[in-house]
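Chemist: Okay, sequence plus prediction incoming.
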Amino acid sequence: MWWIVLGFVASSAVGVAAALAVARRGEPRLTPPPWNLYDMAKQHVPIMGGLAGFSITGIVILVGLARTQPGLSASMDTVVVMFFVSFLFYICNAFLLSYIPSHESNGEIVYRMHFSLASTMEYRTIFLSFFALMPLLQMHGLTVPASILGFVLPLSLLWATLVIAMVADSLGLITFKEAYALFGIGTVLVLALAAGAPLMGIQTQSDYSALTACLLIFCLNGLSFAVVGLAPLASRYPRMREFLTRHGRSLVAIDMLLTTISQMFLWLAVASFI
């Protein structure tokens, strides 16, 4: 399973370079967004709370199942960890959205970046919960629903990317075309890596591939939480405000690229391609 970590690092290094190249070619467009971001943030907080309740309920049910049916496969470990990571970041994301900074004190780019990165974290976490259903179905031998879900989930991922790209474009940080260009770059990098690894004699199949991909998303969400959590401090620290203002567009582009790479690894893992 270590090849997934190394592959993620390698594809991310190439992808980040591409994301920075994309970000340098344009400038933020600071026209008024189509929504009141503060009201939207408030509306998302109870949504995150409800999803957190769904995740913790899933954990309780699975732990009870493990006690009554000992000897379950490694899929049980994977599903529990995926639901736990989802629960953790639903709560973290609710805090981030509730602390969205004022654009008057922090500047237009900082508060738009805050909302954009928090939205992408929400997107990653929701799909982590969705993808947890795959190993859950496989664990119970429900191969037909698992196969259908393996087809439906990547399509849902593509459709949901429309929403995330629309949010980024509406906020004026990266355009819709740039978001999908980054999505394409990340997808090609991961698929090329997954196809090329067996040709180099690398054993890609592992019972813990999905668990490894989940932990990579945990690290990515943790890094994103740290960046977004610092945004409200920009009004007090001029250097931080200058950094986030200057590099806000690049941070959003990198986040979009890394989101794609992590989600593609997760999909390949839960669909048993790796």
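Modeler: Great, that's in hand. Numbers count the residues shown, from 1 in each chain.
Chemist: Nearest to the spatial middle of this protein, which residue is it?
Modeler: R124 (2.7 Å; Cα atoms, centre = their mean).
Chemist: Quick one: residues contacting that one.
Modeler: Contacts for R124 (Cβ atoms under 8 Å, 6 or more residues apart in numbering) come out as 89, 217, 220-221, 259, 262-263. Bear in mind the C-beta positions are built from the backbone N, C-alpha and C, glycine included.
Chemist: Just the buried positions in the helix or strand hosting V14, please.
Modeler: For V14, the host element (DSSP states H and E) is helix 2-24. Buried residues in helix 2-24, counted by 16 or more other Cβ atoms under 10 Å: 3-4, 7-8, 11-12, 14-16, 18-19, 22-23.
Chemist: so, if you compare those residues, which one comes nearest to T175?
Modeler: V22 (9.6 Å; Cβ to Cβ).
Chemist: For T120, give its distance to L258.
Modeler: Distance, T120 to L258, using Cβ to Cβ, to the nearest Å: 9 Å.
Chemist: Next: C92.
Modeler: C92 is 17 Å from L258, by Cβ to Cβ.
Chemist: Which of those two has more residues huddled nearby?
Modeler: L258 (25 against 21; other Cβ atoms under 10 Å).
Chemist: for the helix or strand harbouring that one, what is the average pLDDT?
Modeler: Element membership for L258 (DSSP H and E) is helix 238-270. The average pLDDT for helix 238-270 rounds to 92.
Chemist: And stretch 136-152, by the same measure?
Modeler: Average pLDDT, stretch 136-152: 79.
Chemist: With stretch 96-105 instead?
Modeler: 85.
Chemist: Endpoints of it, how far apart?
Modeler: 17 Å (Cα to Cα, to the nearest Å).
Chemist: Touching it from outside, list them.
Modeler: Taking Cβ under 8 Å, 6+ apart as the rule, stretch 96-105 contacts 37-38, 41-42, 44-45, 48, 110-112, 114-115, 118, 121-122, 225, 228-229, 231-232, 234-235.
Chemist: Quick one: buried ones out of those residues?
Modeler: The buried subset of the contacts of stretch 96-105 (16+ other Cβ under 10 Å) comprises 37, 41, 44, 48, 110-112, 114-115, 118, 121-122, 225, 228, 231-232, 234-235.
Chemist: Show me these that map onto strands.
Modeler: Among those, none falls in strands (DSSP state E).
Chemist: The nearest residue to E122 once chain neighbours are set aside: neighbour count?
Modeler: Once flanking residues are discounted, E122 sits nearest to N93: 5.2 Å by Cβ to Cβ, 6 or more residues apart in numbering. When neighbours are counted by other Cβ under 10 Å, N93 registers 30.
Chemist: in which helix or strand would I find N93?
Modeler: Per DSSP H and E: N93 is located in helix 74-98.
Chemist: Heading C-terminal from that helix, find the next helix or strand.
Modeler: Going down the chain from helix 74-98, the next helix or strand is helix 103-106, by DSSP H and E.
Chemist: Now do that following helix: distance to the chain's middle.
Modeler: Helix 103-106 has its C-alpha centroid displaced from the chain centroid by 27 Å (Cα atoms, centre = their mean, to the nearest Å).
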